[in-house]
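In: Sequence and predicted structure below; questions after.
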Amino acid sequence: MRQYIAILLLACSIQGYAQEKTQATFTPPFDFPITLSGNFGEIRSNHFHGGLDFKTGGVIGKPVHALADGYISRIRVTNGSGYVLDVCYHNGYSTINRHLSGFLSPIAERVEKLQYEKENWEVEIIPEPEEYPVKAGQPIALSGNTGYSFGPHLHLDVFETESGESIDPMPFFKTKVKDTRAPKADGIMLFPQLGKGVIAGKQENLVILPNREQPVEAWGIIGTGIKAYDYMDGVNNHYGVYSVILTVDETEVFRSTVDRFSPNENRMINSWTHGPYMKSFIDPGNTLRMLKASNGNRGLITIDEERDYQFLYTLKDIFGNTSRYHFTVRGRKQPVNPLEHPDKYYFRWNKTNFLHEPGLSLVVPKGMLYDDVPLYYEVKADSGAISFTYQLNDKPVSLHGGCELRIGLLRKPLADTTKYYVASVSPKGAKYSVGGKYENGYMKATISELGTYTVDVDTIPPEIVPINKNRWGRNNKIVYRLKDKGTGVNSYRGTIDGKYALFGRPNIVNSYWECELDPKYVKKGGKHIVELTVTDCCGNETVSRESFIW
């Protein structure tokens with residue numbers, strides 16, 4: 001992504017854009033009334049939702065229009081975002097259009113040609129700025145439901161080209177969207193700081209209802225958070241909240257404004273949020289610029305007087321619709337037990353941390369943690385296991401980037417070390433591959449959270465399941481479902497009558513791999529043999545051969 005942004009910046013600087021960004025305007029991407037299924041900055045797993053999701057009436061194939069004058073700067077087919085088209089505009093902004101159903105000519109033909117040349121569904125083209133110029137309102141692609149998509153829509157990202165930062169596209173389309181509904185809070189969470197505060201006599205998080213009349217007793221240092229969503233007229237969807245302001249005794253202590261973020265800030269959502277709750281205090285290692293604390297203590301509140309503290313949340317959307325929620329924290333002096341934890345299992349956010357145990361080593365460089373973490377470390381043994389199972393912490397802690405984990409093998413039931421992998425273990429015991437490589441008696445892998453890990457082996461090849469084989473010829477489409485219970489599908493290749501066949505995964509939610517039958521590549525009229533070879537991430541391979549009439 002960063003390499004692409006650099007290329008984009010160079011290209012845009014060559015083209016130039018004299019128009020001031022503050023004066024930039026966009027035409028809508030569609031010629032029908034705009035409704036949204038998702039807005040900018042919604043809380044997602046490990047990332048912010050980076051753009052707007054435009055509804056397309058439950059259908060695909062709607063013409064997507066250029067928002068201004070510019071040029072097509074990148075063309076891709078990916079598993080995650082489906083058909084993707086990037087546009088660099090002369091007004092200082094760039095966009096990414098995701099989940100398209102297809103490209104227009106001549107781009108469509110160029111992409112298909114490259115797919116057959118590379119023998120790969122996933123391809124990328126970075127054209128020269130002069131190759132595909134666009135004008136405002138010009139159709140540039142067709143809306144779809146490809147990639148990781150749960151229904152027909154257009155996902156539109158808008159970037160400030162100069163900085164490469166994601167910005168909220170809503171200001172460009174405010175006049176086209178009707179919204180008179182204010183955000184609504186569903187719950188408030190109170191966070192006693194470990195060893196520094198108590199709430200209702202405990203050092204445990206407490207959830208209360210908004211506008212609760214009965215005071216909550218507390219003492220020491222606490223934080224708060226809110227679970228809230230925004231709403232719009234005429235639709236049943238809920239959205240992320242643009243602005244959250246917390247005041248205590250009529251003095252502002254915290255404010256969040258979801259308007260922009262950089263690629264480096266994306267995973268910081270894990271520090272700002274606690275499940276669906278948006279925290280109203282800032283972890284010391286969290287530099288997310290959306291968050292502002294004005295009380296000198298990162299938004300944390302010190303309850304050190306035996307009196308009532310009046311808390312007020314003010315929620316606003318980008319249209320100015322506002323709601324308010326209040327609650328009272330009653331200061332009551334009570335014991336606060338200091339945190340006592342072994343130093344070797346106490347990771348600090350502002351230094352490099354090492355964990356060296358028999359059969360395990362972990363390095364967490366400085367900058368990977370957002371706050372100090374007292375690890376609740378355990379080793380779990382199984383007499384038949386390939387390695388011990390290591391619980392780094394009882395609850396997963398997200399890291400800002402990848403960290404190196406090494407786990408030693410207790411035994412090697414297989415000589416082929418490519419069959420081993422590091423697995424993340426869920427609270428219910430399910431295992432999910434995080435990859436890894438064997439090296440001198442250890443499996444080495446990169447992890448992105450402090451959770452529970454072990455080593456497992458995968459010798460079971462993927463399963464290839466033909467779907468409605470008797471309809472392949474009638475539907476002009478070959479469809480398979482691929483399954484792999486271990487490390488997952490790594491690669492696949494199909495042929496028809498010995499010649500390469502373009503199989504792809506148009507929508508990864510449905511888990512189907514499809515090949516559209518085209519007389520340009522398959523001679524129509526007669527019996528054909530399709531062969532599909534699928535390999536998982538440990539090198540296990542399955543080959544399926546089927547015949548069909550077309």
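Out: Yes, it's here. These numbers come from a predicted model, not from an experiment. Numbering: from 1, shown residues only.

In: all helices in the chain, in order from the N-terminus.
Out: Listed from the start of the chain, the chain has helices (DSSP state H) covering 2-15, 107-118, 170-173, 269-272, 472-475.

In: Buried residues, the second one. List them.
Out: With burial defined by 16 or more other CB atoms under 10 Å, the residues of helix 107-118 counted as buried are 107, 110-112, 115. In short, each C-beta sits where N, CA and C put it, glycine included.

In: Give the rounded mean pLDDT of it.
Out: With pLDDT averaged residue by residue, helix 107-118 scores 98.

In: Okay, residue 534 and residue 543: tell me how far apart.
Out: Relative to residue 543, residue 534 is positioned 8 Å away (CB to CB, to the nearest Å).

In: before we move on, what about residue 351?
Out: Counting by CB to CB, the gap from residue 351 to residue 543 is 51 Å.

In: same check, this time on residue 334
Out: Summarising the geometry, the distance separating residue 334 from residue 543, computed by CB to CB, is 68 Å.

In: again with residue 284
Out: Between residue 284 and residue 543 the distance is 54 Å, computed by CB to CB.

In: Next: residue 537.
Out: Computed as CB to CB, the residue 537 to residue 543 distance reads 17 Å.

In: Can you pick out the residue with more neighbours from the two?
Out: Between residue 537 and residue 543, residue 537 has the larger neighbour count (other CB atoms under 10 Å), namely 18 against 12.

In: who touches that one in this structure?
Out: The contact partners of residue 537, by CB atoms under 8 Å, 6 or more residues apart in numbering, come to 421, 433, 435, 458, 486-490.

In: The same query, at a cut-off of 6 Å, please.
Out: Counting by CB atoms under 6 Å, 6 or more residues apart in numbering, residue 537 makes contact with 487-488, 490.

In: Between those residues, which sits nearest residue 48?
Out: Out of the contacts of residue 537, the one with the shortest distance to residue 48 is residue 488. That distance is 25.8 Å, counting by CB to CB.

In: what's around that closest one, how many residues?
Out: By other CB under 10 Å, the residues close to residue 488 number 17.

In: do residue 335 as well
Out: 8.

In: Show me the beta-bridge partners of the residue nearest to it when sequence neighbours are not counted.
Out: Counting by CB to CB, 6 or more residues apart in numbering, residue 335 lies nearest to residue 198, which is 7.7 Å off, once chain neighbours are set aside. Counting by DSSP bridges, residue 198 forms beta bridges with residue 219.

In: List the residues that contact residue 184.
Out: With contact taken as CB under 6 Å, 6+ apart, residue 184 is in contact with no other residue.

In: and residue 293, what is it in contact with?
Out: Residue 293 makes contact with 254, 282, 299 under the criterion CB under 6 Å, 6+ apart.

In: Closest one to residue 73 out of those, please.
Out: Of those, the one sitting nearest to residue 73 (CB to CB) turns out to be residue 282, at 35.4 Å.

In: Check what pLDDT the closest one gets.
Out: Taken from the predicted model, the pLDDT recorded for residue 282 is 98.

In: Next, work out how far apart it and residue 135 are.
Out: 44 Å.

In: Give me the more crowded residue out of the two.
Out: For residue 282 versus residue 135, neighbours defined as other CB under 10 Å are more numerous around residue 282 (24 against 12).

In: ok, the closest residue to that one other than its chain neighbours - how many residues close by?
Out: Spatial nearest neighbour of residue 282, chain neighbours left out: residue 298 (4.5 Å); criterion: CB to CB, 6+ apart. Neighbour count of residue 298, defined by other CB under 10 Å: 16.

In: Next: residue 340.
Out: The local packing count at residue 340 equals 7, with neighbours defined by other CB under 10 Å.

In: got the contact list for it?
Out: Under the criterion of CB under 6 Å, 6+ apart, the contact list for residue 340 is empty.

In: so who does residue 455 touch?
Out: If a contact means CB under 6 Å, 6+ apart, then residue 455 has 386-387, 407, 420, 422, 443 as its contacts.

In: Phi and psi next, for the closest residue to it other than its chain neighbours.
Out: The shortest distance from residue 455 to any residue that is not its chain neighbour, by CB to CB, 6+ apart, is 4.0 Å, and that residue is residue 387. When quoted as degrees, to the nearest 10, the phi and psi of residue 387 stand at phi -150, psi 170.

In: Correct me if wrong: residue 387 contacts residue 410.
Out: Yes. In this structure residue 387 lies within contact range of residue 410 using CB atoms under 6 Å: 5.5 Å.

In: circling back: nearest to residue 175, of the contacts of residue 455?
Out: residue 422 (51.6 Å).

In: Against residue 437, how distant is that closest one?
Out: When CB to CB is the yardstick, residue 422 and residue 437 sit 9 Å from each other.

In: and the two? which has more neighbours close in?
Out: Ranked by neighbour count (other CB under 10 Å), residue 422 and residue 437 place residue 422 first, with 24 against 14.

In: Break the chain down into its domains, please.
Out: Per the record, the chain has its domains at 2-176, 184-331, 343-457, 463-549, by automatic domain parsing.

In: Looking at the residue nearest to residue 377 when sequence neighbours are not counted now. What's its pLDDT?
Out: What sits nearest to residue 377 in space, not counting adjacent residues and going by CB to CB, 6+ apart, is residue 345, at 5.2 Å. According to the predicted model, the pLDDT of residue 345 comes to 97.

In: likewise the one 5 residues further on?
Out: The confidence metric pLDDT takes the value 97 at residue 350.

In: ok, now residue 353?
Out: pLDDT recorded at residue 353 is 98.

In: what are the bridge partners for it, then?
Out: So, taking DSSP bridges as the rule, residue 353 has residue 364 as bridge partners.

In: thinking it is in contact with residue 363, fair?
Out: No. Residue 353 lies out of contact with residue 363 (CB under 6 Å); the separation is 7.6 Å.

In: the more surrounded of those two?
Out: Shown here are residue 353 and residue 363; by other CB under 10 Å, residue 353 has more neighbours (22 against 14).
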